[in-house]
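**Q** build the 3D model from these lines:
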Amino acid sequence: MIALRAGDWRATLAPELGGSVLSLDWRGQPVFRPTPDGTTNILETACFPLVPYANRIADGRFVFEGRSGQLPVLDRFAPHAIHGEGWLRSWTVESQSADSVAMTLDWPGELEGWPWPWFARQSVSLSSEGLQIGLSVTNTGEDTMPAGLGLHPYFRRHPDSRLTLPADRVWITDARQIPERLAPAAEVVDWSNGVNLADTPFVDHAYAGWSGEAFLNGGGRRVTLTADAAARWSQVYMPVDADFCCVEPVTHRPDAHHAPAGEDDGLVGLKPGRTLSLTVMIGAVSSS
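**A** Numbers count the residues shown, from 1 in each chain. Purely as a prediction, here's the structure:
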């Protein structure tokens, strides 16, 4: 485990567990849901990277520029592939200091997995302003590959938590949790003017037309998430009666690999040697 500190902020990380963040605290209180001690389950961590794609790919199969991808499917999410390869692999620490760490992952390409080779880098740093995570993927192969990025933070949820997330549209999903149509945000939940989490139904949807900012008020503070322009979608995962909620900045919508031709789905055709990057900042101020 790696511990970082700067100002009022503290964080711990586990590069060997999917490049994950285990905890993020501000003034001694958790901003992210803390990871249970000793867990080896990446889904119990506080935040993990999504690379080289985010969210679901229907049935774990797709074709890109004539090349087929047949991806591994986890039993929990069957029949779909989900969240890329990076969260299921150990990352290598490239450098670290008292307030930052950089880690990398080199994917060779596999016949029974993601067939294109790539190299990812994740930098995590603390300052007096909060947490910054930079994530990138570089195509190290000889062919153009489909590429996407995202982060999956689990924010600590309080009884009085209220989420504000300016976005005007949402992807309505079918019975298999695959997007089927784009609709006004209000068809699920419109977070644009702030919504009390205690009043919301179960949500696991991708929001489009997102401003790149989200605000979570509750527990005597206001937590801010700011993503750069690459993240034009946000996946909101809101289980009922949970002690966390997820606001996931992503560069493409779920199942973009099956989007109809001409759709602005966010998936990037990454040419050999080119890099796709995403930067996200988490901050906090007292609201009491």
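
**Q** for this protein, which spans come out with low pLDDT?
**A** Scanning the chain for pLDDT under 70 picks out 111, 288.

**Q** just the C-alphas of stretch 36-46, formatted as CSV.
**A** In CSV, the C-alpha atoms belonging to stretch 36-46 read as follows (Å, rounded to 0.1, in the frame of the first residue of the first chain):
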residue,chain,number,x,y,z
PRO,A,36,-12.3,-2.8,3.8
ASP,A,37,-9.0,-3.9,5.3
GLY,A,38,-7.4,-6.8,3.6
THR,A,39,-9.8,-7.1,0.7
THR,A,40,-8.6,-8.4,-2.7
ASN,A,41,-11.9,-7.5,-4.4
ILE,A,42,-11.4,-4.5,-6.7
LEU,A,43,-15.1,-3.8,-6.5
GLU,A,44,-14.7,-3.0,-2.8
THR,A,45,-12.0,-0.3,-3.4
ALA,A,46,-12.5,3.5,-3.4
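
**Q** so which bits of that stretch are buried?
**A** By neighbour count with 16 or more other CB atoms under 10 Å, stretch 36-46 contains the buried residues 42, 45, 46. No exception for glycine: its C-beta is placed from N, CA and C like everyone else's.

**Q** among these, which are in strands?
**A** Among the buried residues of stretch 36-46, none falls in strands (DSSP state E).

**Q** how about the residues you listed in TSV, adding distance to residue 116?
**A** TSV is the format used below for the buried residues of stretch 36-46 (distance: CB to CB, whole Å):
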residue	distance to residue 116
42	23
45	26
46	29
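
**Q** out of these, who's nearest residue 21?
**A** residue 46 (4.8 Å; CB to CB).

**Q** residue 51 is in contact with residue 88, isn't it?
**A** No: using CB atoms under 8 Å, residue 51 makes no contact with residue 88, being 10.7 Å away.

**Q** those two: which is more packed in?
**A** It is residue 51, of residue 51 and residue 88, that has more neighbours when counted by other CB atoms under 10 Å, with 30 against 14.

**Q** and the strands in the stretch 101-250 of the chain, which stretches?
**A** Under the criterion DSSP state E, counting those that start in this stretch, strands of the stretch 101-250 of the chain are mapped to 118-127, 130-139, 145-147, 150-156, 162-164, 169-173, 179-184, 195-196, 203-208, 213-218, 221-227, 233-238, 244-250.

**Q** nearest to residue 266 among these would be which one?
**A** strand 233-238 (6.2 Å).

**Q** which other helices and strands does the closest one contact?
**A** strand 203-208, strand 244-250 (3 or more CB pairs under 8 Å, 6 or more residues apart in numbering; DSSP states H and E).
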